[in-house]
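[1] Below: sequence and its predicted model.
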Amino acid sequence: MYQTTLKPLLDFFVAIIALILLSPLLVIVGVMLFLSNRGTPFFLQERPGKNGKIFKIIKFKTMTDQRDRNGILLPDYRRLTFIGKIVRKTSLDELPQLINVLKGDMSLVGPRPLLPEYLGLYSEEQQKRHDVKPGITGWAQVNGRNALSWEEKFNYDVEYVEKISPALDARIVVNTVEKVVKRHGVNANNYVTMEAFKGNAV
């Protein structure tokens with residue numbers, strides 16, 4: 001009942017209210033990133049959703065498209081702009097995903113949607129993370145976010161899928177606010193984003 005009916009309704013109405021209340025902030029951040037990036041303030045990328053169905057995630061673009069002389073993108077830390085760094089540290093880059101929630105691609109709470117190329121690398125147990133819609137925040141995010149290893153992160157994702165409930169979702173939302181305020185786990189060691197998942201060790 002909760003997962004199939006109540007949770008989608010809560011997602012939809014909370015996303016609408018949040019977008020309305022946050023619209024002035026979204027406009028300001030969007031304009032600042034447009035000027036900083038010298039182009040679009042949004043970043044669209046294909047991600048797998050529930051049952052592995054591909055959708056386009058929407059985020060604020062915190063990095064430029066600068067490339068070296070061979071046309072290869074520069075490392076993340078070289079492309080991250082000053083404004084982008086602030087947006088990322090405050091997790092404001094995640095806010096446009098409220099649109100994905102309205103479209104039904106995502107939920108407010110669930111395993112984070114990763115890259116499509118990871119789909120063939122998961123173990124059978126790890127594949128369970130796709131039994132539910134991906135979320136803007138999740139159980140792994142409030143337990144370490146990018147500071148976790150991939151194995152730890154997937155363990156939390158599967159645990160969420162197996163124990164999903166209104167109480168757990170409420171706990172994750174409250175903890176997310178706390179994590180954002182304290183800026184815990186934004187970067188993984190020296191990486192601006194999490195190091196790529198290369199599959200499970202044999």
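    Perfect, I can see it now. Because the structure is predicted, anything quoted here is derived from the model rather than measured.
[2] element containing the nearest residue to residue 139 once chain neighbours are set aside, please.
    Of all residues not flanking residue 139 in the chain, residue 160 sits nearest, at 3.9 Å (C-beta to C-beta, 6 or more residues apart in numbering). C-beta here means a position set from N, CA and C on the backbone, and glycine is covered the same way. According to DSSP states H and E, residue 160 maps onto helix 150-163.
[3] following that helix, which helix or strand shows up next?
    Criterion used, DSSP H and E; the element after helix 150-163 is helix 166-182.
[4] Report the angle between that following helix and helix 150-163.
    140 degrees (axes from the mean of the first three to the mean of the last three C-alpha atoms, to 10 degrees).
[5] how far is helix 166-182 from where the chain is centred?
    15 Å (C-alpha atoms, centre = their mean, to the nearest Å).
[6] Kindly report the same for stretch 47-54.
    With C-alpha atoms, centre = their mean, you get 14 Å for stretch 47-54.
[7] ok, now stretch 124-133?
    16 Å.
[8] Repeat that for stretch 60-76.
    20 Å.
[9] now stretch 53-72
    That offset, for stretch 53-72, works out to 15 Å (C-alpha atoms, centre = their mean).
[10] Start and end of that stretch, how far apart?
    29 Å (C-alpha to C-alpha, to the nearest Å).
[11] Need the mean per-residue confidence for it.
    Mean pLDDT, stretch 53-72: 91.
[12] just stretch 131-140 next, same as before
    Here the average pLDDT along stretch 131-140 is 96.
[13] Noted, bye for now.
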